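Trainee: sharing a sequence plus its predicted fold:
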Amino acid sequence: MPEICHFYDLKWVIAARTLDGYRLHLTFNDGSQRIFDCLPLIEKYRLFAPLRDKAVFDRFDLDGWTVCWLDGTVDIAPEHLYEMGVAA
């Protein structure tokens, strides 16, 4: 029988700040902190191309779950940020 996902296992971003380059320092709802480098996504996927403009990248918002840009049209799943980020 598959294990049921519990609400308390979910991760979401509660605070974020930009670092040098295209990196984000993220704090998650469980108190953990990760550093996530957005540059590989910016270079690989056309959706993220507008973030190459550092002024656009620096103007992110938190939507209650994750970081987003351009009025929510660009975001990164919080579980991806958590799993692919490195411990801060």
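Mentor: Received, thanks. Numbering: from 1, shown residues only.
Trainee: how about the helices in the chain?
Mentor: For the chain, helices defined by DSSP state H occupy the ranges 39-44, 54-58, 78-84.
Trainee: mean confidence for the shortest one?
Mentor: Taken as a whole, helix 54-58 has a mean pLDDT of 97.
Trainee: next, the buried residues of it.
Mentor: Within helix 54-58, the residues scored as buried using 16 or more other C-beta atoms under 10 Å are residue 57. Where C-beta positions appear, they are placed from N, C-alpha and C, glycine not excepted.
Trainee: same for that helix, what does it pack against?
Mentor: Packed against helix 54-58 by the contact rule (3 or more C-beta pairs under 8 Å, 6 or more residues apart in numbering; DSSP states H and E) you find no helix or strand.
Trainee: just how off-centre is it within its chain?
Mentor: How far helix 54-58 lies from its chain's middle: 14 Å, per C-alpha atoms, centre = their mean, to the nearest Å.
Trainee: quick one: residues in contact with it.
Mentor: With C-beta atoms under 8 Å, 6 or more residues apart in numbering as the test, helix 54-58 has contacts from 18, 22, 38, 42, 50-51, 69-70.
Trainee: next step: those restricted to strands.
Mentor: Residues from the contacts of helix 54-58 lying in strands, with DSSP state E as the criterion: 18, 69.
Trainee: narrow the contacts of helix 54-58 to those that are buried.
Mentor: Neighbour counting by 16+ other C-beta under 10 Å classes 18, 22, 38, 42, 51, 69 among the contacts of helix 54-58 as buried.
Trainee: rewinding a little: wait, which of the contacts of helix 54-58 is closest to residue 80?
Mentor: residue 38 (10.8 Å; C-beta to C-beta).
Trainee: against residue 9, how distant is the closest one?
Mentor: In this structure, residue 38 and residue 9 are 25 Å apart, going by C-beta to C-beta, to the nearest Å.
Trainee: ok, now residue 87?
Mentor: 18 Å.
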